[in-house]
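Sequence first, then the predicted structure, then my questions.
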Amino acid sequence: MLRNIISRTAYVFFFVLMLLAYIFYRNYFLLLMMIFMIVFPVVSVVLLQRAKKSISISLDVPGRVEKKAPFEITLTLKNTSYIPIIQSHIEMTLENPFYPGLPSHHFVCGIAARKGGTVKFMVTPEYSGVMSLKIKEFRIWDMTGMADAIIPADISKDVHVLPSPSEEEIELTMAGGAGMVELSEQDTKGNDSSMVIDTRDYHPGDKLQRIHWKLSTKLDKLIVKEYGSMSSDDVLVVIELSHGDFTRVRGSDSYITNRKSFDAVFDVYYTLALALLKEKRPFMVSWYSPGAGELKSIPVSGKEELLESLIMMSYEKPPATAGNAWQLAKAVLDEYGEFIYISPLLPQSIYGHSGGELIFEKRSEDGKPLAAAVFSGT
């Protein structure tokens, strides 16, 4: 490293000066200093290698945080040896799969013998999703600053950053006139649209919302839930994940969106999902997964399932083109009485449908539309 080269050059320079002074003055003190300058780096390197085996680092972060809300990251350094470390360097990267290019953080500190210490700092996430923190490098120097050693630190932690729900109150008018009276009636035993009374094998034509995903995974075959009473106005929420700059791709009809528009999609989804759950309306949420090459879906009937769906989407790699989710979801729209389509504000041709009603829109601070939700009954 550059630091090592500079330290070694400076050390050799002072040694040469001392040697010239000794040749000129023949001073025994200068001779002892030169011997010390030869022996000390060797001893320092030996002590460094011994201390290296006794030094460790750990990373402590919260599991979930809210977007724009500062949270604390704690690095804990431990040194069980009797050898103090004058200087150490820590490089930590913060990565979000949706938004590459986040800055790295660098720390320089000492590590006390038989103790250690902590490094605490605050980070404010700008975007929702998953923020992966990783110790990229942990390096310590000897007392002369000429030699260093790398401490193995294969440590990474994920922080799930939740979207920011809108404070605006959203009232959803459900198709078929399912108001709060009907919803209250559905809460009685035997008439709850979310009450599972039996299971059976999947048959062609069964609704995706009725698939028991956990049991299907365990049994390695599709299992369908049987309900005591099933409402005829189930809701499908289709989320369009696309990423990039808000421009048309040259030579094609594809569009890609900017970071703020992409991030606003999660704010819109989170806001509407909370509104649906508040009205006791379970729903199926679907999005296009480029890795799987198909739609991924998860039924949401409570807050934990909502958070699970957000986490699942956070690990997706956004496609460069828009409209994938909508094109695949159209094949199953007939199974649902209502659907909500959430996407960045792309041209109308990308939406792939007509007759939908704009029910919610997220705008930037300067009033520019970022993302919207379109509601329609089939």
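That came through fine. Numbering: from 1, shown residues only.

list the contacts for the residue lying closest to residue 145 once chain neighbours are set aside?
In space, and not counting its chain neighbours, residue 145 is closest to residue 7: 4.1 Å by Cβ to Cβ, 6 or more residues apart in numbering. For the C-beta atoms, the positions are set from N, CA and C on the backbone; glycine is no exception. Neighbouring residues of residue 7 by Cβ atoms under 8 Å, 6 or more residues apart in numbering: 144, 145, 146.

from the residues you listed, which single one is nearest residue 129?
residue 145 (40.1 Å; Cβ to Cβ).

Check which helix or strand that closest one maps to.
Assigned by DSSP states H and E, residue 145 belongs to neither a helix nor a strand.

before we move on, what about residue 72?
For residue 72, the host element (DSSP H and E) is strand 71-79.

Could you do residue 5 as well?
Taking DSSP H and E as the criterion, the element that holds residue 5 is helix 2-25.

What residues of whichever helix or strand comes after that helix count as buried?
Proceeding N to C from helix 2-25, the next assigned helix or strand is helix 28-52, under DSSP H and E. In terms of neighbour count (16 or more other Cβ atoms under 10 Å), helix 28-52 has its buried residues at 30, 33, 37, 41, 44, 45, 47, 48, 51, 52.

Please apply the same query to stretch 123-136.
Buried residues in stretch 123-136, defined by neighbour count with 16+ other Cβ under 10 Å: 123, 125, 127, 128, 129, 130, 131, 133, 134, 135.

which one of those residues is nearest residue 19?
In terms of Cβ to Cβ, no member of those lies closer to residue 19 than residue 135, at 42.1 Å.

pLDDT score for the closest one?
Looking at residue 135, its pLDDT reads 92.

helices or strands up against the helix or strand harbouring it?
Counting by DSSP H and E, the element that carries residue 135 is strand 129-141. With contacts taken as 3 or more Cβ pairs under 8 Å, 6 or more residues apart in numbering; DSSP states H and E, strand 129-141 sits against helix 28-52, strand 55-60, strand 85-95, strand 148-150, strand 156-162, helix 303-314.

Distance to residue 202 added to those, as CSV?
Formatted as CSV, the helices and strands packed on strand 129-141 follow (distance: least, Cβ to Cβ, whole Å):
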stretch, distance to residue 202
helix 28-52, 57
strand 55-60, 43
strand 85-95, 38
strand 148-150, 53
strand 156-162, 31
helix 303-314, 20
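
how about those in CSV, adding distance to residue 340 and mean pLDDT?
Output for the helices and strands packed on strand 129-141, formatted as CSV (distance: least, Cβ to Cβ, whole Å; pLDDT from 0 to 100):
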stretch, distance to residue 340, mean pLDDT
helix 28-52, 57, 90
strand 55-60, 38, 92
strand 85-95, 31, 90
strand 148-150, 51, 91
strand 156-162, 20, 92
helix 303-314, 14, 89
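
tell me the contacts of residue 116?
Residue 116 neighbours (Cβ under 8 Å, 6+ apart): 76, 77, 78, 79.

out of these, which are buried?
Of those, these count as buried by 16+ other Cβ under 10 Å: 77, 79.

count of residues packed around the closest residue to residue 8 other than its chain neighbours?
Once flanking residues are discounted, residue 8 sits nearest to residue 146: 4.8 Å by Cβ to Cβ, 6+ apart. The local packing of residue 146 (other Cβ atoms under 10 Å) involves 20 other residues.
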